[in-house]
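**Q** Any chance you can model this:
(one chain, ligands or ions: 2)
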Amino acid sequence: MSMSESKPRVLLLGDIDHAPARSAYDSLSSLAHLITPQSTNPADFLQECQSGAFNGTKAIYRTFGSVSITGRIEGEIVKTLAEAGVRFIAHNGAGYDQIDIPTCTSHKIHVSNTAPPALAAATADTALFLLLAALRNFNPAILSLRAGAWRGGPTTLAPLGHDPYGKTLGILGMGGIGRNLAGKAAALGMNVTYHNRRQLPPADEGGARYVDFETLLEGSDVLSLNVPLNEKTKGMIGKEEFAKMKRGAVVVNTARGGGCG
Ligand SMILES: NC(=O)C1=CN([C@@H]2O[C@H](COP(=O)(O)OP(=O)(O)OC[C@H]3O[C@@H](n4cnc5c(N)ncnc54)[C@H](O)[C@@H]3O)[C@@H](O)[C@H]2O)C=CC1
Ligand SMILES: O=CC(=O)O
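**A** Numbering: from 1, shown residues only. Ligands and ions are numbered 1, 2, ... in the order given. Now for the predicted structure:
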């Protein structure tokens, strides 16, 4: 930190593409000196942290994609950032599995994430798109069209699709995204069940039925994963769970890859 800097520093990790968000971030320059790292990979980033390059940094704003620059925010990185003066990390994203929260807490660094409603509709739309694509065989149909085989024929026709109407959707993790998806799936005539750490009050269930984990696995035609990735949910859907599911059941995972193992 140069002696001429009287303002605290704020470190940006990753790019901000969205113009209004960029200008909101830039307006912080009236309060803080805005800095960015030189590094482009985790090994260099750790060295940059240890070199004292971020001394005087009070807060970090990070994007999801910045993990390619920093690696997971954990261990030695957290320690050196705390020593540099960091007290707050604002994570732009709902899932904060890229950050080791207990280590941050032990170094008195506060971490925030994006409040659920901001991403719920977009992610639920994506889950719905995948659900419909899998049931209706859109992907093989699109591939066959792009291969110029759109006139069909016994080997090029996509297999017959399935109606969502009357099928059971099981939502694992009935938070912001799960609840948004539940409403959209009900509009297609699906029976919506869910499993969560706790049953929701009826007003938040939106007509979905709470079931235990086994019933969710055994009864779902489509299983949607909407739990955060953490030590309890890592590999939550594995070989044993797949064995309990209906033959031909569809699994839609818009949460994290680590939830299936
Ligand atoms: N693909 C994408 O673009 C996006 C993916 N995500 C992922 O989706 C996840 C969920 O996001 P939100 O719905 O906003 O989070 P949320 O915190 O609103 O909901 C998560 C739900 O999972 C439940 N849950 C947690 N552990 C559980 C367990 N062991 N068993 C059963 N239920 C459990 C919680 O009680 C909560 O209801 C995020 O953590 C993130 O990993 C989030 C946004 C965008
Ligand atoms: O995957 C995205 C997130 O917000 O979490």
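
**Q** count of neighbours near the residue in the chain that ligand 1 sits nearest to?
**A** Closest contact between the chain and ligand 1, by CB to the nearest ligand atom, is at G175 (1.7 Å). The way it works is simple: take the backbone N, C-alpha and C, and place the C-beta from them, glycine included. Taking other CB atoms under 10 Å as the criterion, the count of residues near G175 is 17.

**Q** Name the nearest residue to it, sequence neighbours excluded.
**A** Nearest residue to G175 in three dimensions, chain neighbours excluded: P116, at 6.0 Å (CB to CB, 6 or more residues apart in numbering).

**Q** Count the neighbours of the one you found for me.
**A** Here the count is done by other CB under 10 Å, and P116 has 15 residues near it.

**Q** How about the backbone phi and psi for it?
**A** phi -40, psi -40 (degrees, to the nearest 10).

**Q** That one: what's it in contact with?
**A** P116 makes contact with 94, 175-177, according to CB atoms under 8 Å, 6 or more residues apart in numbering.

**Q** likewise L217?
**A** 170, 223, 241, 244-245.

**Q** contacting residues for R72?
**A** By CB under 8 Å, 6+ apart, R72 lies in contact with 98-100.

**Q** rerun at 7 Å
**A** By CB atoms under 7 Å, 6 or more residues apart in numbering, the residues touching R72 are 98, 100.

**Q** And the helix or strand where R179 lies, how far out from the chain middle?
**A** Using DSSP states H and E, R179 sits in helix 176-187. Helix 176-187 has its C-alpha centroid displaced from the chain centroid by 17 Å (CA atoms, centre = their mean, to the nearest Å).

**Q** could I have that helix exported to CSV, CA atoms only?
**A** Presented in CSV, the C-alpha positions along helix 176-187 are these (Å, rounded to 0.1, in the frame of the first residue of the first chain):
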residue,chain,number,x,y,z
GLY,A,176,-35.5,-19.9,-3.2
ILE,A,177,-34.9,-22.0,-6.4
GLY,A,178,-36.8,-25.1,-5.3
ARG,A,179,-39.9,-23.0,-4.5
ASN,A,180,-39.8,-21.1,-7.8
LEU,A,181,-39.4,-24.3,-9.7
ALA,A,182,-42.3,-25.9,-7.8
GLY,A,183,-44.7,-23.2,-9.0
LYS,A,184,-43.6,-23.6,-12.6
ALA,A,185,-43.8,-27.4,-12.6
ALA,A,186,-47.3,-27.3,-11.0
ALA,A,187,-48.4,-25.1,-13.9
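
**Q** who's in contact with that helix?
**A** 116-117, 120-121, 123-124, 127-128, 169, 171, 192, 194, 204, 206-208, 224, 226.

**Q** Mean confidence (pLDDT) on the top helix by length along the chain, please.
**A** Longest helix in the chain by number of residues (criterion: DSSP state H): helix 117-136. Across helix 117-136, the average pLDDT comes to 95.

**Q** Tell me the buried residues in it?
**A** For helix 117-136, the neighbour count (16 or more other CB atoms under 10 Å) marks 119-120, 123-124, 127-128, 130-135 as buried.

**Q** That helix and ligand 2 in contact?
**A** Yes - contact of helix 117-136 with ligand 2 (CB under 6 Å from any ligand atom) involves L119.

**Q** after that helix, next one along is what?
**A** Later in the chain than helix 117-136, the nearest helix or strand by DSSP H and E is helix 138-146.

**Q** ok so, going back, distance-wise, check the residue nearest to G175 relative to ligand 2.
**A** P116 sits 9 Å away from ligand 2, going by CB to the nearest ligand atom, to the nearest Å.

**Q** let's number from 49 now, not from 1
**A** Let's use 49 as the start, then, which means that last one is P164.

**Q** between the contacts of L265, which is nearest ligand 2?
**A** Using CB to the nearest ligand atom, L271 is the member of the contacts of L265 that sits closest to ligand 2, with 18.8 Å.

**Q** ok but the closest one is inside a strand, no?
**A** Yes - counting by DSSP: H, G, I helix; E, B strand; the rest coil, L271 falls inside a strand.

**Q** where do the helices sit along this protein?
**A** Counting by DSSP H, the segments of the chain that form helices are 67-74, 90-98, 115-118, 123-132, 149-154, 165-184, 186-194, 224-235, 250-253, 261-267, 287-292.
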